[in-house]
Structure formats: C-alpha cells, structure tokens
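S.K.: task: produce atomic coordinates for the following.
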Amino acid sequence: MDNSTWYSKTSVMGIINVTPDSFSGDGFGINFDSAISQAVQFVKDGADIIDVGGESTRPPNLYKNVKEISVSEEIERVIPVIEGIRSQSDVCVSIDTSKSEVAIEAIRAGATIVNDIWGLKKDSKLVKVIADNNVYVVIMHNSLSDTYSDVVTDTINDLKQSIDFAENNGVERSKIIVDPGFGFAKNLNHNLEIIRRLSEYKFLKSPILIGPSRKSTIGKILDLPVEDRLEGTSALVAVSIYNGANIVRVHDVRNIVRIAKMTDALVHGFKKS
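M.R.: Okay, here's the model as predicted:
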C-alpha cells in the first residue's frame with residue numbers, strides 16, 4: 001500500500017473491538033472466531049482496512065470504571081484475531097494500541113498500521129517500533145483537557161508537534177496519517193467544528209482519518225442510543241469526505257462503503273471501476 005492509496009478514494013476502516021466493554025456495544029470479548037468472522041465479512045462488504053483493538057478507548061469523562069488492561073492481556077486479545085484475519089485475507093490490518101509491546105507483536109502477526117489514540121505521547125518506545133518496522137502510524141489528537149482557544153487551530157498545532165517528533169525519530173513522512181480525535185477531549189460543539197473545518201487539517205500534508213462512528217455527539221443531538229446512530233454517523237461521514245477526509249473509521253461497514261462511494265462521486269466525479 002503506497003501513499004497515493006489514501007487519495008485515490010475514501011478508504012473505509014472497519015472496527016473490530018476484542019473487548020468486553022466497547023462504548024459502541026460491539027465488543028467481542030474473547031470470542032475470537034466471531035471477531036475474525038466479522039472482519040472477514042467487513043472485507044466482503046468493502047472495507048479497505050480492519051482496525052483491531054484489545055482495550056476500550058472509552059473517554060473516562062463520559063464512562064465510569066474505565067480501567068487500563070495489562071500488556072499481556074491486550075496481546076492475548078488481539079494477536080489471535082490479527083492472525084486469523086491474515087490467514088483468510090490480505091486486507092490491510094491496523095492495530096489500535098498505544099503500547100509498544102503490543103504494537104511489536106501485532107506487526108509480527110501482520111499489522112501494517114499502528115493506530116495510536118495518544119499521538120505517540122504515552123509510550124516513548126512506540127515511535128521507534130514504528131520507525132524500525134516502516135509501518136504506517138495514525139497520530140490522533142488527544143488531551144487530558146477539553147479547553148481550547150480554537151479547537152481546530154489548537155489540535156492542528158498539537159498534531160504538527162507529534163508529526164515533527166515522529167519524523168525526528170525516523171518515521172517516514174509518507175507513513176504518517178493524522179486524526180483530529182473526534183470525541184476525545186472534545187465537547188459536542190468542538191466535534192462539530194472539527195467536521196465543519198476539516199479541510200484546514202490539510203495544512204499538515206498527511207492523509208486525514210476521522211472516526212465519528214456511533215459517538216456520543218450523535219446520541220446527544222438525535223437523542224438515540226448507541227445502537228441506533230447509523231444515520232447520524234452517515235451524515236458526519238459524508239460531510240467529512242466532502243471536507244477532505246481520506247479514511248473513515250466505522251462500525252457499520254456495508255452502509256458506510258456505499259455512503260463513501262456516493263460522496264466520492266459527488267466530490268471527485270464518477271469513474272466506473
């Protein structure tokens with residue numbers, strides 16, 4: 001997969017949570033066969049990337065009793081799933097982790113993207129793992145505070161610092177993907193502002209990933225439970241693509257692949273494949 005892939009069409013990243021406590025209610029726990037089957041179905045439905053996570057990323061300010069799991073437990077959750085996916089498909093696999101030890105094992109199992117919700121700021125060893133293995137990295141904006149002078153400007157500046165850190169530690173510029181962190185240390189209006197002004201993140205000269213799927217912002221606006229947020233997710237995805245998103249991270253792959261294809265035709269013109 002070369003860097004031009006991210007710009008030729010919108011890539012759809014399907015979420016596989018090997019967790020018992022996913023905020024979206026789709027966690028597979030330790031049912032590896034079900035997780036692998038879902039991933040294979042995602043590929044059939046048109047997913048370009050499968051993102052495998054073994055630890056809930058629920059924001060502690062919104063969800064009680066959020067606990068960090070051990071490295072060994074996270075490895076035990078994700079590696080069988082990555083190996084199972086890889087045995088049945090050559091789809092691009094991403095590991096959703098902030099831990100260097102987990103990333104190492106995931107890369108050995110076949111992952112080619114490290115998706116770090118802490119933007120290389122939590123584990124100082126992770127950047128070297130990424131550089132040494134020449135894999136892609138998703139650098140997401142996150143913070144312990146949701147106070148900003150301007151949420152877009154501030155998150156762009158923060159992401160720029162993380163990009164510089166990655167490059168200074170040997171990560172190739174072409175391997176960096178940025179994520180503004182929709183739903184992480186952001187309130188409802190911050191999240192909407194990010195989608196509205198997503199084109200400004202092009203300043204970073206990296207592919208842009210956005211992950212609004214089933215998030216609480218949708219629930220608050222539509223007054224709907226997490227399992228009933230497809231339409232809200234679809235609206236945010238379509239506007240994100242229109243405003244420059246290159247990758248969308250979602251739970252409902254089949255539906256969003258169609259949304260992305262239609263929006264791509266609107267934005268870039270229709271080319272029959």
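
S.K.: and the helices in the chain, which stretches?
M.R.: Along the chain, the segments classed as helices by DSSP state H run 5-8, 32-44, 71-88, 100-109, 126-133, 151-168, 188-196, 216-222, 230-242, 253-268.

S.K.: mind putting the ones you listed in a markdown table, mean neighbour count included?
M.R.: C-betas here are computed from N, CA, C, even on glycine. Shown next, in a markdown table, are the helices of the chain (neighbours: other CB atoms under 10 Å):
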| stretch | mean neighbour count |
| --- | --- |
| helix 5-8 | 14 |
| helix 32-44 | 19 |
| helix 71-88 | 19 |
| helix 100-109 | 21 |
| helix 126-133 | 19 |
| helix 151-168 | 17 |
| helix 188-196 | 19 |
| helix 216-222 | 17 |
| helix 230-242 | 20 |
| helix 253-268 | 18 |
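
S.K.: of all those, which one is nearest residue 57?
M.R.: helix 71-88 (12.0 Å; CB to CB).

S.K.: for residue 188, see how far away the residue lying closest to residue 91 once chain neighbours are set aside is.
M.R.: Nearest non-adjacent residue to residue 91, counting by CB to CB, 6 or more residues apart in numbering: residue 43, 4.9 Å away. Going from residue 43 to residue 188 by CB to CB, to the nearest Å gives 33 Å.

S.K.: for residue 200, same thing?
M.R.: 19 Å.

S.K.: next: residue 235.
M.R.: To residue 188, residue 235 is 14 Å away according to CB to CB.

S.K.: same thing with residue 84?
M.R.: Counting by CB to CB - residue 84 and residue 188 are separated by 37 Å.

S.K.: what does the pLDDT read for residue 3?
M.R.: Looking at residue 3, its pLDDT reads 72.

S.K.: could you check the pLDDT of the residue nearest to it when sequence neighbours are not counted?
M.R.: Excluding the flanking residues, the one nearest residue 3 by CB to CB, 6+ apart is residue 174, at 4.5 Å. Looking at residue 174, its pLDDT reads 97.

S.K.: over to residue 171?
M.R.: For residue 171, pLDDT reads 99.

S.K.: neighbours of it, just the number please.
M.R.: Neighbours of residue 171 under the rule other CB atoms under 10 Å: 23.

S.K.: I'd guessed it sits against residue 130; true?
M.R.: Yes. Contact criterion CB atoms under 8 Å: residue 171 and residue 130 qualify, at 5.5 Å.

S.K.: what do those two both touch?
M.R.: residue 137 (CB atoms under 8 Å, 6 or more residues apart in numbering).
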